[in-house]
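Generate coordinates for the sequence data below:
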Amino acid sequence: MPRRTKIVATFGPATDAPGVLEAMMDAGLNLARLNMSHDSHDRHRERARRLREAALAKRHPLGLLVDLQGPKIRIGQFAEAGGIDLAAGAAFAIDAACPLEAGDQARVGTTLPSMAEDLSPGDILLLDDGAIELQVEAVADGRVDCTVLAGGRLSNNKGINKKGGGLSAPALTDKDKADIRFAAEIEADYLAVSFVCNGDDVRLARQLLEEAGGKGGIVAKIERAEALHALEDIIDASDAVMVARGDLGVEIGDAELPAVQKRLISMARDRNSVVITATQMMQSMIENPIPTRAEVFDVANAVLDGTDAVMLSAETSVGKNPTKVVESMSRICAEAEKERLVRRSGHRIDAVFGRVDEAIAMATMYTANHLGVKAIAALTESGSTVKWMSRISSGIPIYAMTRQVPTRRKVTLFRGVYPVRFDVSSTDIHEVNKEVIEELLRHGTVQEGDLVIITKGDRSGVEGQTNIMKIMRVGEHRLLTDD
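So this is what the prediction gives:
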């Protein structure tokens, strides 16, 4: 049985060496992530070109995710030695009047000049992903005077979070807008929007992407405390959500993350959205050849909770062995998927469906899970039908059979869905059924005597027209002449 959970890996200097990309694909890579916080457009453009060429050469559909930097709030730089050492109890200020390159032992500038407006005495600021903790003592004229609660080395350009959230920043920076145009240029399959607060942030990104000619889906990254109060709006406005545990953990506290992650995964699937779990999943493998037991449990628990995909960041972009990381993650996912509970679902069992194609998708999965079906073949244009199917927990593979290249790349993110290049060569419905079964046989997916479900529409090649569910037995398909 093929692995159902998808693997997203970040590309960077470690993946640029000859042969690494191809080896990662062989190891189980499904989507490549380009992190716009690092490297130039030219560098990412070359990576995208290599990705497309390798995917074509290996006949291995590979999705492409462009991840925006977003309005990350940071301190400026220090004038000497690249940083300072802060001791507990010391006074330190974040001052909008301080030039960004002129920080010293007493103060440092910030990329958000209006930050002081969101702060009051008693607030806690967390710098460098929580490694440095400051308590606000006074706020005046853009200057935030603090006492160091937890000290250490503070270097240039580190991030700033307010404990509990509440630092306001524009949804999209000028850099983000330029990167959106770049994502459209390279035909990215997904655009990840960082630090969203509500559905309007997602809708704005979609509008800008479409205006630039892009057709990719939007991934909303949940990494601000404020987003937790607008989850339904964010999920409904996006095509997928990412549990971005880095900044989110800093703002809400690491102890709260596990419960929030489980709630996000469940909520996204209930609302027919796709979900990615990310950040430090295999962090030790940046240096080490094997994961820690805690990392094994982390990945497996996300799979057991129903995540569509698990994501690698620095582990592959700058790690010592990107291929080995993908291999390890793939092995962990495959083992976790053997758990019987992963294949059960009560998803939307009492729901009323608003579309015929959605009802067909739900009926297909209910039938497949109760009839011993070995495979589902969905003839699809947009991928909507297989997305609905993949929301229902099952061990049955779903094959998205389509002539549309963008759709084949899009479904690489959907749990349990596998893209198949398939162009209907006949208008005769019986011949189409036979062609589908023969294609599954060529892939080694089914064998004589297996039951297969085929979904399709009366009007072939038209989006949103799936209205037929057909149950067939392999072997008998050569004899059938009517429905």
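
then the longest helix seen in the chain to CSV, C-alphas only?
The residue-count maximum for a helix in the chain (DSSP state H) belongs to helix 41-58. Only the C-alpha atoms of helix 41-58 are listed here, as CSV (Å, rounded to 0.1, in the frame of the first residue of the first chain):
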residue,chain,number,x,y,z
HIS,A,41,14.3,35.2,-7.0
ASP,A,42,16.9,34.0,-9.5
ARG,A,43,18.0,31.3,-7.1
HIS,A,44,14.5,30.1,-6.5
ARG,A,45,13.6,30.4,-10.2
GLU,A,46,16.5,28.0,-11.0
ARG,A,47,15.3,25.6,-8.3
ALA,A,48,11.8,25.7,-9.7
ARG,A,49,13.1,24.9,-13.2
ARG,A,50,15.1,21.9,-12.0
LEU,A,51,12.0,20.7,-10.0
ARG,A,52,9.8,20.8,-13.1
GLU,A,53,12.4,19.1,-15.3
ALA,A,54,13.1,16.3,-12.8
ALA,A,55,9.5,15.7,-12.2
LEU,A,56,8.9,15.4,-16.0
ALA,A,57,11.9,13.2,-16.6
LYS,A,58,10.9,10.8,-13.7
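
what does that helix contact?
With contacts defined as C-beta atoms under 8 Å, 6 or more residues apart in numbering, helix 41-58 is touched by 11, 15-16, 21-22, 25, 32, 34, 36, 60-62, 64, 66, 179, 182, 185-186, 188. Using the backbone N, CA and C atoms, a C-beta is placed for each residue, glycine as well.

do stretch 203-213 as well
By C-beta under 8 Å, 6+ apart, the residues outside stretch 203-213 that reach it are 68, 171-172, 177, 180-181, 183-185, 191, 193, 216, 218, 237.

min pLDDT across those, which one?
Among the contacts of stretch 203-213, A171 carries the lowest pLDDT, at 85.

Tell me how many other residues surround the closest residue to it other than its chain neighbours.
Residue nearest to A171 in three dimensions, not counting chain neighbours: D201, with 4.0 Å by C-beta to C-beta, 6 or more residues apart in numbering. Residues within reach of D201, counting by other C-beta atoms under 10 Å, total 27.

follow-up on the earlier one: parallel or antiparallel, which strands does the helix or strand that comes right after the longest helix of the chain pair with?
Using DSSP states H and E, the helix or strand that follows helix 41-58 in sequence is strand 63-67. Strand pairing for strand 63-67, determined by DSSP bridges: strand 31-35 (parallel), strand 190-193 (parallel).

is it possible to export these to TSV including mean neighbour count and distance to Q105?
TSV is the format used below for the strands paired with strand 63-67 (neighbours: other C-beta atoms under 10 Å; distance: least, C-beta to C-beta, whole Å):
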stretch	mean neighbour count	distance to Q105
strand 31-35	24	32
strand 190-193	27	37
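
can you tell which of these is closest to G372?
With C-beta to C-beta as the criterion, G372 lies closest to strand 31-35 of the strands paired with strand 63-67, at 31.6 Å.

ok, the closest residue to L62 other than its chain neighbours to P61 distance?
Leaving aside its sequence neighbours, L62 sits nearest to A55 (C-beta to C-beta, 6+ apart; 4.0 Å). As judged by C-beta to C-beta, to the nearest Å, A55 and P61 stand 6 Å apart.

for T110, what are its contacts?
T110 sits next to 73-76, 94-96, 160 when contact means C-beta under 8 Å, 6+ apart.

go again using 7 Å as the cut-off
The contact partners of T110, taken as C-beta atoms under 7 Å, 6 or more residues apart in numbering, are 73-76, 94, 96, 160.

cool, and K177?
Listed by C-beta under 7 Å, 6+ apart, the contact partners of K177 are L208.

ok, now how distant is it from V66?
13 Å.

Helices of this structure, start to end?
With DSSP H as the criterion, the chain has helices spanning 20-27, 41-58, 174-185, 199-211, 231-237, 245-252, 257-270, 293-305, 314-317, 322-336, 356-371, 384-390, 405-410, 429-442.

what angle do the longest one and helix 20-27 make?
Orientation note: helix 41-58 sits at an angle of 50 degrees relative to helix 20-27 (axes from the mean of the first three to the mean of the last three C-alpha atoms, to 10 degrees).

Over to the last one?
Between helix 429-442 and helix 20-27, the angle comes out at 100 degrees (the same axes, to 10 degrees).

helices and strands around helix 429-442, which ones?
strand 375-379, strand 398-402, strand 451-457, strand 466-473 (3 or more C-beta pairs under 7 Å, 6 or more residues apart in numbering; DSSP states H and E).

How far does the longest one sit from its chain's centre?
Averaging C-alpha positions (C-alpha atoms, centre = their mean, to the nearest Å) puts strand 466-473 31 Å from its chain's average.

can you check the first one too?
With C-alpha atoms, centre = their mean as the basis, strand 375-379 stands 24 Å off its chain's centre.

What of the second one?
Computed by C-alpha atoms, centre = their mean, the separation of strand 398-402 from the middle of its chain amounts to 21 Å.

Now do it: which elements does it pack against?
strand 375-379, helix 384-390, helix 405-410, strand 417-421, helix 429-442.

got it, and the longest one?
Other elements packing on strand 466-473 under the criterion 3+ C-beta pairs under 7 Å, 6+ apart are helix 356-371, helix 429-442, strand 451-457.

sorry, back to before: export the contacts of stretch 203-213 to CSV and append columns for distance to A81.
Formatted as CSV, those follow (distance: C-beta to C-beta, whole Å):
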residue, distance to A81
L68, 32
A171, 35
L172, 34
K177, 35
I180, 37
R181, 38
A183, 37
A184, 42
E185, 40
L191, 38
V193, 36
G216, 43
I218, 42
A237, 45
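
Could you identify the most distant pair in these?
That would be E185 and A237, which, of the contacts of stretch 203-213, are the farthest apart (C-beta to C-beta) at 23.8 Å.

which residues in the stretch 101-250 of the chain form strands?
Counting by DSSP state E, counting those that start in this stretch, the stretch 101-250 of the chain has strands at residues 107-108, 124-127, 132-140, 143-150, 152-155, 160-162, 190-193, 217-222, 240-244.

now the ones you listed in JSON lines, with distance to E232?
Shown next, in JSON lines, are the strands of the stretch 101-250 of the chain (distance: least, C-beta to C-beta, whole Å):
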{"stretch": "strand 107-108", "distance to E232": "38"}
{"stretch": "strand 124-127", "distance to E232": "27"}
{"stretch": "strand 132-140", "distance to E232": "32"}
{"stretch": "strand 143-150", "distance to E232": "34"}
{"stretch": "strand 152-155", "distance to E232": "38"}
{"stretch": "strand 160-162", "distance to E232": "24"}
{"stretch": "strand 190-193", "distance to E232": "17"}
{"stretch": "strand 217-222", "distance to E232": "12"}
{"stretch": "strand 240-244", "distance to E232": "11"}
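
of all those, which lies closest to A334?
Taking C-beta to C-beta, strand 240-244 is the member of these nearest to A334, at 21.1 Å.

that older thread, take the strands paired with strand 63-67 and lay them out in TSV including distance to E80.
Converted to TSV, these look like this (distance: least, C-beta to C-beta, whole Å):
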stretch	distance to E80
strand 31-35	30
strand 190-193	36
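
Of these, which is nearest D298?
Closest to D298 of those, according to C-beta to C-beta: strand 31-35, at 18.5 Å.
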